[in-house]
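**Student:** sequence and computational prediction follow.
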Amino acid sequence: MRIVLDTNILARATPGRYSPANQLLNLILGSTHTLIVSEYLLAELRRVLLYERVRAIHGLEDEAIAEYVEASRCQLHHANHHFR
């Protein structure tokens with residue numbers, strides 16, 4: 001099955017946090033399902049994680065945010081076309 005998670009879920013699934021979103025992401029990545037992501041979604045994820053109010057929740061520094069987004073880019077299947 002191909003699965004798309006929105007930015008809100010991916011932002012809540014940041015490393016070092018135990019949350020339902022993190023559990024869901026780990027469950028998907030550890031299964032035969034394929035998580036679909038686009039460059040647009042990854043750019044939005046990075047932007048959202050840099051918001052001060054979101055940083056107060058996840059506590060990640062700039063470098064850790066960049067690493068999380070890059071790791072997401074490497075682990076996830078990229079959509080080859082734009083969804084409309």
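**Tutor:** Looks like it came in fine. Residues are numbered from 1 along each chain as shown.

**Student:** could you use CA atoms for every contact and neighbour count after this?
**Tutor:** Fine.

**Student:** give the contact list for the spatially most central residue of the chain.
**Tutor:** What sits nearest the mean C-alpha location of the chain, by Cα atoms, centre = their mean, is L10, with 3.3 Å. If a contact means Cα atoms under 8 Å, 6 or more residues apart in numbering, then L10 has A21, N22, L25, L45 as its contacts.

**Student:** so what touches the host helix or strand of the third one?
**Tutor:** It stands for L25. Assigned by DSSP states H and E, L25 falls within helix 20-29. Outside helix 20-29, the residues within contact range by Cα under 8 Å, 6+ apart are I9, L10, R12, A13, T14, P15, T34, L35.

**Student:** returning to what we had before: extract the C-alpha trace of the host helix or strand of the residue nearest to the centre of the chain and format it as PDB.
**Tutor:** According to DSSP H and E, L10 maps onto helix 7-12. C-alpha atoms of helix 7-12 as PDB (Å, rounded to 0.1, in the frame of the first residue of the first chain):
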ATOM      1  CA  THR A   7       3.400  17.700   7.100                       C
ATOM      2  CA  ASN A   8       1.600  18.000  10.400                       C
ATOM      3  CA  ILE A   9       2.100  14.200  11.100                       C
ATOM      4  CA  LEU A  10       5.700  14.200   9.900                       C
ATOM      5  CA  ALA A  11       6.500  17.300  12.100                       C
ATOM      6  CA  ARG A  12       5.000  15.500  15.100                       C
END
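
**Student:** buried residues in that helix?
**Tutor:** T7, L10, A11, R12 (16 or more other Cα atoms under 10 Å).

**Student:** give the contact list for the third one.
**Tutor:** For A11, the contact set (Cα under 8 Å, 6+ apart) comprises L45, V48, L49.

**Student:** all strands for this protein, in order.
**Tutor:** Assigned strands in the chain, in chain order: 2-4, 34-37, 77-78 (criterion: DSSP state E).

**Student:** could you dump these to JSON lines with mean pLDDT and mean neighbour count?
**Tutor:** Shown next, in JSON lines, are the strands of the chain (pLDDT from 0 to 100; neighbours: other Cα atoms under 10 Å):
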{"stretch": "strand 2-4", "mean pLDDT": "90", "mean neighbour count": "11"}
{"stretch": "strand 34-37", "mean pLDDT": "87", "mean neighbour count": "18"}
{"stretch": "strand 77-78", "mean pLDDT": "58", "mean neighbour count": "16"}
